[in-house]
Every structure is written in structure tokens, then in C-alpha cells.
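Trainee: following is a predicted model, sequence given first.
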Amino acid sequence: MKKNLDASNSPRTFGQINRDMNRRLYYWLGASRPFTLPASISPTLIGSALALRDNCFRPLPAILCLLIAMSAQIASNFGNDYFDYRKGSDTSARLGPPRAVASGWITPRAMLRATIITILISCLCGLWLVALSDLRLILLGVAIIAAVFAYSAGPWPLSRNGLGDLCVLVFYGIVPVCFTYYVQAMRFGTTALFLGTAIGLLSVNILVVNNCRDYDEDFQSGKRTTIVIFGQRFGRLFYLFNNLAAMFLLLPMLLSSSLYFILPYIIVGAVQMHSWRKLCKLSGKDLIPLLAQTSRNLLLYTILAAGMAIAQ
């Protein structure tokens, strides 16, 4: 005799399980914000290129720096997703890509757990790096972990009080470039400081586009980004200044490099100006593609600067 089975109680097929796994993977990948990862990849590439130029490149410390930077950024992105949800910053009026926790795709508990796990990965890589180089770097590791949480969490989160840009400049530019170079050369370099500042400024531009897009929502939710504090016109001028300053900081290296780099230098500058003109014309949801383009600009700048360094 045939049994009538309720479809809700029937076992899932392999195809259904596979689709569910792919969907969950898609949600986690989106929460990591892959289009912004050049902000952590670029500074470590620059620091390693400078070490290669000075004949002190060390593969293992370079790889560990890259893993630390990427895991710390992903942890920051996960934490931002979680803590913005807890603070009510992510509303139905959000114009950017949906947040995983606010959309119900990932539970708050799972996101907090993922934040802690990625921080632990960064810490383990950091301890390995300390063992290879300098015990004093433990203090830097503590500062990085504190910055990950301070950006979105705590009673006075940096991202909600106009200090997010400064945090990005320091921890996505100056610190990773200088210390990626340091753990290989065991000394600091002036060029690393200049290029670290440049990379940091271009990383700040990713945040500027994000905050210009979310201006109305941030204003209504009480999130005081620099764009909310000073206005969108300031944001556009800030974006332009960061582009020009980054190109200026690369000029000394261009003057001491081969003439073959002049055309790529002009092209990268032109691409950045094109993105700035888009920022001046667009607003709200229309700025979403510019976020990926600004990350691309950072990567192009990194390739150019690293090429110049290696060729010297």
C-alpha cells in the first residue's frame, strides 16, 4: 500500500542540500564585502614590493601580513554588519547591498561568532609573524584588534562619530604598508610611509563613496559620518583631494623610475578623475557601481606603484 508522505517531512534531495549550501556561501561571501578587499591586499603588496626593491623580500612574513590584513578586514566587515544591526543603523531605507543580519540571512549569533573566528585567525597569523620578527609587534596586534571592534562597537564607535576615515587611513594604509616592509627589512622606510599614506587615502575613498550613498539613511539613524557632519559637497572634494594627494605622493618615485611608467601614471590619474566626475553627478543607489570602481582604482594604483618600486 502506498503511503502519502507530507512533502514538508520528506527528506531533502542532494540538489536541495547543494542549493542551500550555495545560498549560505553566497550570503557569507556578500557579508565579507569582497569588492572592498583591495583595501587590505594593496598595502601588503606595496610593502612587499618595496622589500623586493631593497633585496630583503621574505615570502613567509609577506604572506602572513597578507593573511592578517585580509582576515582583520573581513572581521571588521562582519562586525560592522552585526553591530550596525544591533544599533539600528540598517533600516528598510538602506540603498546599498542588503546586510546579511538585517535581512535575516545570517543570524546575529552566527555573525558575531564569525567575527570572533576571523579575529582569531588574524591573531594566530600575527603570533606566527611575531615569532619570525619582533616581539614588540604584539602591541600592534592589540591595536589592530581594538580598532576592529572600536570601528563599529562600544559606547563610542568610530564609524558613527566621524573618525572612520582616520581609522581607514591608519589601519588600511600607513600601518600595513610600513609594517609589511618592516617585518622583512627589519627597519622602517620613508618611501613606505609616503606610499602607505597614499594607499590609505585611496582606501578612504571607498568609505567616502559608501557614506555618500548612505547619506540620508545615516542622517536619519544618527550615524555621524564625515559626510553627514560636513555634507556631500565636502565628500566630493575630499574624494578629489585623496586622489590628487595619492598621485602627488607617487611623483618622486615616478621621477626616479623609467620613462615607460609615465603613460601608466597618466592613465591611472585619468581613471581616478573619471570616477570623481561620476561621484559629482550621481547620488544614492546610483553610486553602488562606483564603490567597486573605486576599489579597482586602488588596485590599479597599487600595481603601478609596485611596478615602479620593483623596477627601480
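Mentor: Happy to help now that I have it.
Trainee: now do the contacts for residue 294.
Mentor: Contacts for residue 294 (Cβ atoms under 8 Å, 6 or more residues apart in numbering) come out as 202, 205, 206, 209, 275. From N, CA and C alone the C-beta is placed, and that goes for glycine too.
Trainee: how confident was the prediction at it?
Mentor: Residue 294 carries a pLDDT value of 97.
Trainee: assign a three-state SS to it, would you?
Mentor: Following DSSP: H, G, I helix; E, B strand; the rest coil, we place residue 294 in the helix state.
Trainee: measure it to residue 288 for me?
Mentor: Residue 294 is 11 Å from residue 288, where distance means Cβ to Cβ, to the nearest Å.
Trainee: likewise for residue 31?
Mentor: 16 Å.
Trainee: neighbour-wise, which of the two wins?
Mentor: residue 31 (24 against 16; other Cβ atoms under 10 Å).
Trainee: touching, the more buried one and residue 77? I think so.
Mentor: Yes - using Cβ atoms under 8 Å, residue 31 is in contact with residue 77, at 6.7 Å.
Trainee: any idea which helix or strand comes after the longest helix seen in the chain?
Mentor: For the chain, the helix that runs over the most residues, judged by DSSP state H, is helix 59-87. For helix 59-87, the following helix or strand on the C-terminal side (DSSP states H and E) is helix 108-132.
Trainee: which elements pack onto the longest helix of the chain?
Mentor: helix 14-31, helix 38-53, helix 108-132, helix 137-152, helix 175-185 (3 or more Cβ pairs under 8 Å, 6 or more residues apart in numbering; DSSP states H and E).
Trainee: I'd like the mean pLDDT over stretch 254-267, please.
Mentor: 93.
Trainee: typed the wrong thing, it's stretch 243-250
Mentor: pLDDT averaged over stretch 243-250 gives 98.
Trainee: and that stretch, which residues are buried?
Mentor: Residues of stretch 243-250 classed as buried: 243, 246, 247, 249, 250 (neighbour count, 16 or more other Cβ atoms under 10 Å).
Trainee: re the thing from before, as CSV, the helices and strands packed on helix 59-87 with mean pLDDT and distance to residue 63 would be great.
Mentor: Listed next are the helices and strands packed on helix 59-87 as CSV, based on pLDDT from 0 to 100; distance: least, Cβ to Cβ, whole Å:
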stretch, mean pLDDT, distance to residue 63
helix 14-31, 79, 22
helix 38-53, 96, 9
helix 108-132, 96, 9
helix 137-152, 91, 16
helix 175-185, 97, 11
